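**Q** Need a 3D model of the following:
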Amino acid sequence: MNNKPSAEIQVQIGKNGPYRVSGGVPLGEEIIAADGGGESVACQHGRTFPLQQQYALCRCGHSSHKPFCDGTHAKVGFDGTETASRAPYREQTKVIRGPAMTLTDAESLCAFGRFYDPNGSVWNLVNGPDRTDREPFVRQTCNCPSGRLVAWDNASGESVEPRYEPSISLVQDPAKECLGPLWLRGGVQLVGAEGFAYEVRNRMTLCRCGASKNKPFCDGAHAAIGFDDQR
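**A** Model prediction:
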(Lines give C-alpha, C1' and ligand atoms only; values in the text may rest on other atoms or scores of the structure.)
Protein backbone atom coordinates (compact mmCIF):
# COMPACT_ATOMS: atom_id res chain seq x y z
CA MET A 1 0.00 0.00 0.00
CA ASN A 2 3.01 2.31 0.31
CA ASN A 3 4.48 4.25 -2.58
CA LYS A 4 8.21 4.45 -3.10
CA PRO A 5 9.07 8.14 -2.69
CA SER A 6 11.48 10.21 -4.72
CA ALA A 7 14.28 11.62 -2.59
CA GLU A 8 13.53 15.05 -4.07
CA ILE A 9 9.78 15.04 -3.40
CA GLN A 10 8.97 15.77 0.20
CA VAL A 11 7.16 17.93 2.72
CA GLN A 12 9.38 19.17 5.54
CA ILE A 13 7.58 20.35 8.66
CA GLY A 14 9.00 23.61 10.02
CA LYS A 15 9.31 23.83 13.80
CA ASN A 16 6.23 25.87 14.76
CA GLY A 17 6.22 26.97 11.14
CA PRO A 18 4.98 26.00 7.68
CA TYR A 19 5.10 22.90 5.55
CA ARG A 20 8.02 23.37 3.15
CA VAL A 21 7.32 21.49 -0.07
CA SER A 22 10.11 20.57 -2.47
CA GLY A 23 10.45 18.56 -5.65
CA GLY A 24 7.88 20.28 -7.83
CA VAL A 25 4.82 18.70 -6.19
CA PRO A 26 1.63 19.79 -8.01
CA LEU A 27 -0.79 21.82 -5.86
CA GLY A 28 -4.51 21.92 -6.50
CA GLU A 29 -7.92 21.90 -4.88
CA GLU A 30 -10.49 19.18 -4.22
CA ILE A 31 -14.07 20.02 -3.28
CA ILE A 32 -16.14 17.50 -1.30
CA ALA A 33 -19.44 16.91 -3.08
CA ALA A 34 -22.40 15.72 -1.00
CA ASP A 35 -25.68 13.99 -1.82
CA GLY A 36 -29.14 15.23 -0.87
CA GLY A 37 -28.73 13.86 2.62
CA GLY A 38 -25.46 15.68 3.17
CA GLU A 39 -23.32 12.54 2.89
CA SER A 40 -20.01 12.93 1.05
CA VAL A 41 -20.01 11.03 -2.24
CA ALA A 42 -16.99 12.22 -4.23
CA CYS A 43 -14.31 14.87 -4.59
CA GLN A 44 -14.47 17.28 -7.52
CA HIS A 45 -11.41 18.96 -8.96
CA GLY A 46 -11.18 22.66 -8.29
CA ARG A 47 -8.51 25.17 -9.20
CA THR A 48 -4.89 24.31 -9.83
CA PHE A 49 -1.88 26.44 -8.94
CA PRO A 50 1.12 27.21 -11.16
CA LEU A 51 3.76 24.55 -10.68
CA GLN A 52 6.59 25.57 -8.36
CA GLN A 53 9.67 23.58 -7.42
CA GLN A 54 9.47 24.80 -3.83
CA TYR A 55 6.81 26.52 -1.75
CA ALA A 56 5.70 26.89 1.86
CA LEU A 57 2.14 26.11 2.96
CA CYS A 58 0.51 27.67 6.01
CA ARG A 59 0.25 25.34 9.01
CA CYS A 60 -0.97 27.75 11.71
CA GLY A 61 -4.21 28.70 9.94
CA HIS A 62 -3.66 32.46 10.25
CA SER A 63 -1.87 33.40 7.04
CA SER A 64 -3.47 36.22 5.06
CA HIS A 65 -2.06 34.60 1.91
CA LYS A 66 -3.59 31.12 2.23
CA PRO A 67 -2.72 28.47 1.30
CA PHE A 68 0.81 29.87 1.44
CA CYS A 69 2.74 30.90 4.53
CA ASP A 70 3.23 34.63 5.15
CA GLY A 71 5.13 34.38 8.44
CA THR A 72 2.11 34.95 10.69
CA HIS A 73 2.92 31.80 12.70
CA ALA A 74 5.70 33.75 14.44
CA LYS A 75 3.41 36.66 15.29
CA VAL A 76 0.68 34.47 16.83
CA GLY A 77 3.05 32.17 18.72
CA PHE A 78 1.90 29.06 16.92
CA ASP A 79 2.70 25.79 18.70
CA GLY A 80 3.12 23.16 16.03
CA THR A 81 4.41 20.37 18.26
CA GLU A 82 3.96 16.99 16.57
CA THR A 83 1.87 14.80 18.85
CA ALA A 84 0.68 12.03 16.49
CA SER A 85 1.78 8.44 16.82
CA ARG A 86 4.79 7.56 14.73
CA ALA A 87 3.96 3.88 14.59
CA PRO A 88 3.35 2.38 11.13
CA TYR A 89 -0.26 2.48 9.97
CA ARG A 90 -0.90 -1.24 10.44
CA GLU A 91 0.19 -1.06 14.07
CA GLN A 92 -2.44 1.61 14.75
CA THR A 93 -5.40 -0.14 13.18
CA LYS A 94 -8.43 -2.09 14.23
CA VAL A 95 -8.90 -4.99 11.80
CA ILE A 96 -12.36 -6.13 10.66
CA ARG A 97 -12.23 -9.24 8.47
CA GLY A 98 -15.18 -10.04 6.24
CA PRO A 99 -15.79 -13.03 3.95
CA ALA A 100 -14.07 -11.48 0.91
CA MET A 101 -12.59 -8.20 2.11
CA THR A 102 -10.86 -6.87 5.21
CA LEU A 103 -11.07 -3.34 6.61
CA THR A 104 -8.30 -1.68 8.58
CA ASP A 105 -9.24 1.42 10.55
CA ALA A 106 -6.85 3.85 12.25
CA GLU A 107 -9.44 6.09 13.91
CA SER A 108 -6.93 8.67 15.15
CA LEU A 109 -6.25 9.66 11.52
CA CYS A 110 -9.86 10.59 10.78
CA ALA A 111 -10.11 13.94 8.97
CA PHE A 112 -13.92 14.08 9.00
CA GLY A 113 -14.32 13.53 5.28
CA ARG A 114 -17.57 11.57 5.88
CA PHE A 115 -17.24 9.19 2.92
CA TYR A 116 -18.08 6.04 4.85
CA ASP A 117 -21.91 6.08 4.86
CA PRO A 118 -23.58 6.88 1.47
CA ASN A 119 -24.36 3.21 0.68
CA GLY A 120 -24.28 1.92 4.22
CA SER A 121 -21.52 2.05 6.76
CA VAL A 122 -18.22 0.56 5.58
CA TRP A 123 -18.01 -1.23 8.93
CA ASN A 124 -21.13 -3.17 7.88
CA LEU A 125 -20.36 -3.44 4.17
CA VAL A 126 -17.12 -5.33 4.86
CA ASN A 127 -19.28 -8.19 6.08
CA GLY A 128 -20.98 -8.59 2.70
CA PRO A 129 -21.51 -12.25 1.81
CA ASP A 130 -19.31 -12.45 -1.29
CA ARG A 131 -17.11 -10.59 -3.77
CA THR A 132 -20.04 -9.43 -5.92
CA ASP A 133 -21.03 -6.64 -3.52
CA ARG A 134 -17.54 -5.29 -2.85
CA GLU A 135 -17.83 -2.21 -5.07
CA PRO A 136 -19.60 0.16 -2.61
CA PHE A 137 -17.27 -0.93 0.19
CA VAL A 138 -14.13 -0.43 -1.90
CA ARG A 139 -15.31 2.92 -3.28
CA GLN A 140 -16.11 4.35 0.13
CA THR A 141 -12.83 3.25 1.70
CA CYS A 142 -10.79 4.52 -1.25
CA ASN A 143 -12.59 7.88 -1.08
CA CYS A 144 -11.31 8.37 2.48
CA PRO A 145 -8.70 11.14 1.95
CA SER A 146 -6.81 10.54 5.20
CA GLY A 147 -6.20 6.85 4.54
CA ARG A 148 -7.77 6.08 7.92
CA LEU A 149 -9.71 3.34 6.14
CA VAL A 150 -8.06 0.82 3.83
CA ALA A 151 -9.67 -2.11 2.03
CA TRP A 152 -7.79 -5.38 1.63
CA ASP A 153 -8.56 -8.29 -0.69
CA ASN A 154 -8.58 -11.50 1.33
CA ALA A 155 -7.66 -13.68 -1.63
CA SER A 156 -4.51 -11.77 -2.57
CA GLY A 157 -3.72 -10.16 0.78
CA GLU A 158 -3.12 -6.88 -1.10
CA SER A 159 -4.57 -3.48 -0.27
CA VAL A 160 -6.98 -1.89 -2.74
CA GLU A 161 -5.75 1.65 -3.35
CA PRO A 162 -6.58 4.43 -5.83
CA ARG A 163 -3.76 5.32 -8.20
CA TYR A 164 -2.32 8.73 -7.38
CA GLU A 165 0.70 10.58 -8.65
CA PRO A 166 2.55 12.65 -6.03
CA SER A 167 0.42 15.73 -5.40
CA ILE A 168 -1.09 17.96 -2.73
CA SER A 169 -4.67 19.18 -2.69
CA LEU A 170 -6.45 21.76 -0.57
CA VAL A 171 -9.68 20.14 0.58
CA GLN A 172 -12.78 22.37 0.57
CA ASP A 173 -15.90 21.25 2.45
CA PRO A 174 -18.96 23.27 1.33
CA ALA A 175 -21.39 21.08 3.28
CA LYS A 176 -19.67 22.12 6.51
CA GLU A 177 -18.91 25.62 5.21
CA CYS A 178 -15.21 25.35 5.97
CA LEU A 179 -11.78 24.68 4.57
CA GLY A 180 -10.50 21.15 5.06
CA PRO A 181 -7.00 19.70 5.41
CA LEU A 182 -4.05 19.37 3.08
CA TRP A 183 -4.37 16.11 1.20
CA LEU A 184 -1.05 14.43 0.38
CA ARG A 185 -1.32 11.76 -2.29
CA GLY A 186 0.84 9.34 -4.16
CA GLY A 187 3.63 8.69 -1.68
CA VAL A 188 4.92 12.16 -0.81
CA GLN A 189 7.51 11.83 1.96
CA LEU A 190 6.62 13.73 5.14
CA VAL A 191 9.56 14.74 7.35
CA GLY A 192 9.08 16.02 10.90
CA ALA A 193 10.60 19.17 12.36
CA GLU A 194 13.31 17.10 14.06
CA GLY A 195 14.04 15.01 10.97
CA PHE A 196 11.78 12.00 11.59
CA ALA A 197 10.65 10.43 8.31
CA TYR A 198 6.98 9.44 8.64
CA GLU A 199 5.74 6.28 6.97
CA VAL A 200 5.19 6.92 3.26
CA ARG A 201 1.56 6.38 2.33
CA ASN A 202 -0.68 6.81 -0.68
CA ARG A 203 -3.16 8.98 1.23
CA MET A 204 -2.77 11.22 4.26
CA THR A 205 -4.23 14.51 5.46
CA LEU A 206 -2.32 17.25 7.26
CA CYS A 207 -3.76 19.92 9.54
CA ARG A 208 -3.78 23.43 8.06
CA CYS A 209 -6.10 25.13 10.54
CA GLY A 210 -3.59 24.85 13.40
CA ALA A 211 -6.11 23.34 15.82
CA SER A 212 -5.57 19.58 15.43
CA LYS A 213 -4.71 17.65 18.58
CA ASN A 214 -2.99 15.04 16.41
CA LYS A 215 -0.43 17.19 14.59
CA PRO A 216 0.81 17.02 11.95
CA PHE A 217 -2.27 15.06 10.89
CA CYS A 218 -5.79 16.42 10.60
CA ASP A 219 -8.29 15.37 13.27
CA GLY A 220 -11.35 17.20 11.91
CA ALA A 221 -10.86 20.31 14.08
CA HIS A 222 -11.36 22.55 11.02
CA ALA A 223 -15.07 21.70 11.03
CA ALA A 224 -15.46 22.37 14.75
CA ILE A 225 -13.89 25.84 14.51
CA GLY A 226 -15.38 26.75 11.12
CA PHE A 227 -11.97 27.28 9.57
CA ASP A 228 -12.09 29.65 6.59
CA ASP A 229 -10.11 32.22 4.64
CA GLN A 230 -11.02 35.00 7.07
CA ARG A 231 -9.22 33.49 10.03
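**Q** So in this protein, which helix runs the longest?
**A** helix 134-142 (DSSP state H).
**Q** contact partners of the helix or strand following that helix?
**A** Using DSSP states H and E, the helix or strand that follows helix 134-142 towards the C-terminus is strand 149-153. Outside strand 149-153, the residues that touch it by CB atoms under 8 Å, 6 or more residues apart in numbering are 1, 89, 93, 100-105, 116, 122, 126, 137-138, 140-142, 158-161. Bear in mind the C-beta positions are built from the backbone N, C-alpha and C, glycine included.
**Q** Next SSE downstream of strand 149-153?
**A** Tracing the chain past strand 149-153, the next element assigned as helix or strand by DSSP H and E is strand 159-160.
**Q** give the contact list for the spatially most central residue of the chain.
**A** By CA atoms, centre = their mean, the chain has its centre lying nearest to Thr205, at 2.2 Å. By CB under 8 Å, 6+ apart, the contact set of Thr205 is 109, 111, 113, 145-147, 171, 180-184, 217-218.
**Q** Looks to me like it is in a strand.
**A** Yes - the assignment for Thr205 by DSSP: H, G, I helix; E, B strand; the rest coil puts it in a strand.
**Q** For Ala175, which non-adjacent residue is closest in space?
**A** Leaving aside its chain neighbours, Ala175 sits nearest to Ala34 (4.4 Å; criterion: CB to CB, 6 or more residues apart in numbering).
**Q** Was I right to think that neighbour contacts Ser40?
**A** Yes - here Ala34 lies in contact with Ser40, judged by CB atoms under 8 Å, at a distance of 5.5 Å.
**Q** The two: who's more crowded?
**A** Taking other CB atoms under 10 Å, Ala34 and Ser40 do not tie; Ser40 has more neighbours (23 against 16).
**Q** which residues touch the residue nearest to the more buried one when sequence neighbours are not counted?
**A** Leaving aside its chain neighbours, Ser40 sits nearest to Arg114 (4.4 Å; criterion: CB to CB, 6+ apart). If a contact means CB under 8 Å, 6+ apart, then Arg114 has 32, 39-40, 175 as its contacts.
**Q** How about Lys15?
**A** 80, 193-194.
**Q** Going by distance to Ser212, which of these wins?
**A** Using CB to CB, Gly80 comes nearest to Ser212 of the contacts of Lys15, at 9.8 Å.
**Q** Doesn't that closest one belong to a helix?
**A** No - using three-state DSSP, the assignment for Gly80 is coil, not a helix.
**Q** one step back: for the contacts of Arg114, give me CSV that also has pLDDT, secondary structure and distance to Ile13.
**A** Putting the contacts of Arg114 into CSV (pLDDT from 0 to 100; DSSP: H, G, I helix; E, B strand; the rest coil; distance: CB to CB, whole Å) gives the following:
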residue, pLDDT, secondary structure, distance to Ile13
Ile32, 91, strand, 25
Glu39, 74, coil, 33
Ser40, 85, strand, 27
Ala175, 88, helix, 29
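**Q** Now the two most distant members of those residues.
**A** For the contacts of Arg114, the farthest-apart pair by CB to CB is Ile32 and Glu39; their separation is 10.3 Å.
**Q** more neighbours, the two?
**A** Between Ile32 and Glu39, counting by other CB under 10 Å, Ile32 is the more crowded of the two (22 against 15).
**Q** residues in contact with Gly46?
**A** Gly46 makes contact with 28-31, 170, 172, according to CB under 8 Å, 6+ apart.
**Q** In ChimeraX, select just the buried ones from those residues.
**A** One line in ChimeraX is enough to select the buried ones among those; burial here means 16 or more other CB atoms under 10 Å:
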select :29,30,31,170,172
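**Q** ok so, going back, using JSON lines, lay out the contacts of Arg114 together with distance to Arg20.
**A** Output for the contacts of Arg114, formatted as JSON lines (distance: CB to CB, whole Å):
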{"residue": "Ile32", "distance to Arg20": "27"}
{"residue": "Glu39", "distance to Arg20": "36"}
{"residue": "Ser40", "distance to Arg20": "30"}
{"residue": "Ala175", "distance to Arg20": "31"}
